[in-house]
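Participant: Sequence and predicted structure, then a few things I'm wondering about:
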Amino acid sequence: MDKTKIQQKSSKRKLLRLFCLFLSSFLIATVSASVYNYLYMDASTIAAESAKVQFVSGADSTAAGASIGTNGTYVKFTSMAGWPNATRIYENAVGIQNLDSSTRTIELRYNSWSGSTSNIDYIYVKVFDGTTQQGSTITVGTAGSSTGSLSIPASTTWRVQWEIKWAAGASSSDSVSVTLQLVVTGE
């Protein structure tokens with residue numbers, strides 16, 4: 001036999017061995033992938049409880065058209081408005097009350113808005129303890145805008161202030177909808 005034929009047979013043997021090795025590896029991987037262990041988690045009692053931090057009526061809630069949900073965990077404003085090129089302030093549109101016996105950590109965050117957003121100069125939302133602003137001003141329309149993390153003492157109510165300024169060219173047909181989130185840390 002000449003040298004070329006010997007090399008061809010040797011190459012074929014190597015390919016056959018490599019193929020067998022690949023096939024056996026594939027079978028081992030396939031067989032081991034069908035072994036499962038099931039573990040379970042059972043939550044047998046998940047109870048509803050009263051919220052420790054709730055929205056409560058403020059001095060300007062009626063003017064702002066505030067509707068607070070049954071459990072104080074939701075508020076909707078339906079009467080907020082403003083004039084073009086003038087700032088309207090709802091100093092106490094709603095309160096945030098800590099009903100717990102210990103300090104709670106909260107954060108009010110901008111979530112989204114829609115509507116005639118190009119005709120708004122600004123909407124600012126601020127949280128106050130009396131006359132002292134707590135945290136940063138929320139600029140509606142700015143992603144990530146929030147008060148930052150705040151510690152509200154036990155049995156305390158803070159007020160939420162809205163400042164609305166429509167652009168000079170805004171008309172009575174313009175409107176926006178705004179969604180904020182109140183994040184309460186802990187249980």
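Facilitator: Nice, thanks for sending it over.
Participant: Would you map the helices across this structure?
Facilitator: For the chain, the helices defined by DSSP state H occupy 3-32, 61-64.
Participant: low-confidence ranges in the chain?
Facilitator: Scanning the chain with the threshold set as pLDDT under 70 gives 1-10, 26-33.
Participant: Show me where it has its strands.
Facilitator: 53-57, 66-68, 75-77, 87-98, 104-115, 120-129, 132-139, 150-152, 156-166, 176-185 (DSSP state E).
Participant: out of these, nearest to Asn37?
Facilitator: Nearest of the strands of the chain to Asn37, taken as C-beta to C-beta: strand 176-185 at 35.0 Å. For every residue, glycine as well, the C-beta is placed using N, CA and C.
Participant: Point out the other helices and strands that the closest one packs with.
Facilitator: Strand 176-185 sits against strand 53-57, strand 104-115, strand 120-129, with contacts defined as 3 or more C-beta pairs under 8 Å, 6 or more residues apart in numbering; DSSP states H and E.
Participant: domains of the chain?
Facilitator: 1-39, 53-185 (automatic domain parsing).
Participant: which stretch among those domains comes nearest Ile46?
Facilitator: Relative to Ile46, the nearest member of the domains of the chain by C-beta to C-beta is domain 53-185, separated by 16.3 Å.
Participant: What is the end-to-end distance of the closest one?
Facilitator: 10 Å (C-alpha to C-alpha, to the nearest Å).
Participant: and what of stretch 142-159?
Facilitator: 22 Å.
Participant: Ok, stretch 67-74 next?
Facilitator: In stretch 67-74, first residue to last residue: 8 Å (C-alpha to C-alpha).
Participant: And stretch 90-98, how far out from the chain middle?
Facilitator: Counting by C-alpha atoms, centre = their mean, to the nearest Å, stretch 90-98 is centred 21 Å from the centre of its parent chain.
Participant: ugh, typo on my part, it should be stretch 109-123
Facilitator: Centre-to-centre, stretch 109-123 and its host chain are 17 Å apart (C-alpha atoms, centre = their mean).
Participant: Which positions in it come out as buried?
Facilitator: By neighbour count on 16 or more other C-beta atoms under 10 Å, the buried set for stretch 109-123 is 109-110, 119-120, 123.
Participant: With stretch 94-110 instead?
Facilitator: When burial is assessed from 16+ other C-beta under 10 Å, stretch 94-110 yields the following buried residues: 94-100, 104, 106-110.
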